[in-house]
Each structure stands twice: as C-alpha cells, then as structure tokens.
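Student: Quick one, fold the following:
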Amino acid sequence: MDLDLRKLRYFVAVAEHRHFGRAAEALFIAQPVLSRQIRAFEQELGCPLLIRTTRSVELTLAGQQLYEEARAITATVVGAVRRVREAGRPGQRLVVGFSAGLHVAEAIRAFTARHPEVTVDVLPLPWAERDAPLREGRAHVGFLRHPFDGTGMRIVPVGHETKVACLPVNHPLAGRSALTLADLDGEPVLDGRARRTASLDEKFELVASGQAVALVPLSITRSYARTDLVYLPVTDHPPVGTCLVAPESHGPGPVADFLEIAAAVLRRPGG
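Tutor: Model prediction:
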C-alpha cells in the first residue's frame, strides 16, 4: 500500500493531543472529518491504532510504534521539501547549527574566506533533540556532541571534551577539588533518563535549587558561570565526542565544503 502522508499527519496530531477535538482544531478541520480519516487509516493498515474513550484517546501498541516511526517520516519529508525550495531560490545559503558551549565562528570565517558567495547563518540547537533541526531542514550542518540519533547522517568526528559535575554551592561535595563517579553514587542526577529537561537554563535552575546534580560538558560551564553553582572535574568520567553532522542527502556543494573546512579548523589545538 502507498502511505498517505495526509492521514499520517492527522494521526500524529491525534497522538500528540490525545483528543480528537483538540487535534481537529490544530489541523483546522472538522472533528467528524478527522475521525473518518483516522478510521480509514486503521482499515488501510489492518490494525487499530487508537483506544477511544469518551474523554481521551490512548495509543495501542501498533499506534505507539506508528507514532515513533511517523515522527521520523514527517521530519524527513519536511526537511526534503525545505531543501528543494531552497535549491530553487537564487543565491546560496548555509545554516550552521551548534550545541551550547561549542563555537563555530572560526570555522565559519575559514569557510566564508573561500566561499564569499555563500550567506552563512547560525542556529543554536535545542538541548533536547539536538539533531531535530538537521532532520527538519532548518539547519544544513551541525556542530554537536554525542549522544544523538545518527541515522541517515554523515558524521565527521572532531575531538573530545571532558565532563564536570555541576552542584549547588551549598552541596556537601562542593568544597572538593575533584570528584569521581563513585562520589556521586546515590545522588539524583539529571541525565535525561531519570528526569528530562528541555533546556540548560531549566537544568541549572533545578541544580541550584538543590533538587539534583548534573554532569555537563566543560565548555558549557564557560557560558553559564553562576555564583550559586560550582563545577568540579570528574576524574574517571569518559570523554564526550564532538563532531560535525549533516544529513546524508546533501551531496557536493556548500555543506560538503563546510564539513571539510570546519573539520580541519576544529581539529587544530585550540580550535
């Protein structure tokens, strides 16, 4: 069967809102139309996707699997459309995304010196789902840290970075000069598994308020100096890899040239 992207988009809206009425409002369509489209989609797939009640909607196991697949599919489609439209516009534009604490200015200067005809913009990448702007086409290339979803991405390793422990200034361990991972045993750690945070500001507020500690890359601490936080090296924490990333769908052109030039710059000592 051919996958109907319109029905897929309708399903994603229902899955995210868990309510037909709110999903229909977000899609600017009538609720009965949305209900019919979802039922038709279920019939085409040959399995129920939703468990409907009078108050809410829940996903079946098949629905949950489709939702996870659909997010990647819709992001790929959106990114492809964006890239096609940009290819049809006059002039060349390159959007470079970067994770917090990582700097791309020197790499951009080296690139523009060889490609003055390309307009370069920058885009801070979100703390959570940092690869999403690359998949959606909002950024052409990114400078980020592991871990992230590298599916369908060209990854160019650049270097490594150490992590430090972020603690409230009145924490019992705050007076140490360094820590080990064993020192943090039993401490609530904001690591994305126990408690997900949407931004670094949120993470640091939670740490400063005494609710948890965090392990963060060293470069971030230079941009987030606070009197109510201390940063201590963790001597046995493995380093975190840094890399340049771009969708594999990009062929020869500004993206490929930027990857080559930026990798040479960022791999230099102090780069």
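Student: drop to CA atoms for contacts and neighbour counts, all remaining ones
Tutor: Fine.
Student: Could you tell me which other helices and strands the strand or helix carrying Ala40 packs against?
Tutor: Ala40 belongs to helix 31-45 when elements are defined using DSSP states H and E. Applying 3 or more C-alpha pairs under 8 Å, 6 or more residues apart in numbering; DSSP states H and E, one finds that helix 31-45 contacts helix 5-17, helix 20-27.
Student: Need these in CSV (columns: mean neighbour count and mean pLDDT).
Tutor: Formatted as CSV, the helices and strands packed on helix 31-45 follow (neighbours: other C-alpha atoms under 10 Å; pLDDT from 0 to 100):
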stretch, mean neighbour count, mean pLDDT
helix 5-17, 19, 86
helix 20-27, 17, 86
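Student: Make a markdown table out of those helices and add distance to Pro157.
Tutor: Below are those laid out as a markdown table (distance: least, C-alpha to C-alpha, whole Å):
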| stretch | distance to Pro157 |
| --- | --- |
| helix 5-17 | 34 |
| helix 20-27 | 40 |
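Student: Would you tell me which of those helices gets closest to Leu173?
Tutor: Leu173 lies closest to helix 5-17 among the helices and strands packed on helix 31-45, at 41.4 Å (C-alpha to C-alpha).
Student: Tell me what angle that closest one forms with helix 20-27.
Tutor: 120 degrees (axes from the mean of the first three to the mean of the last three C-alpha atoms, to 10 degrees).
Student: Report the distance from helix 5-17 to the chain centre.
Tutor: Distance of helix 5-17 from its chain centroid, counting by C-alpha atoms, centre = their mean, to the nearest Å, is 21 Å.
Student: List of residues touching that helix?
Tutor: 20, 23, 26-27, 34, 37-38, 41, 57-59, 67, 70-71, 74 (C-alpha atoms under 8 Å, 6 or more residues apart in numbering).
Student: just curious, which of these is nearest to Thr151?
Tutor: Of the contacts of helix 5-17, the one sitting nearest to Thr151 (C-alpha to C-alpha) turns out to be Arg71, at 13.4 Å.
Student: Check which helix or strand that closest one maps to.
Tutor: Per DSSP H and E, Arg71 falls inside helix 61-87.
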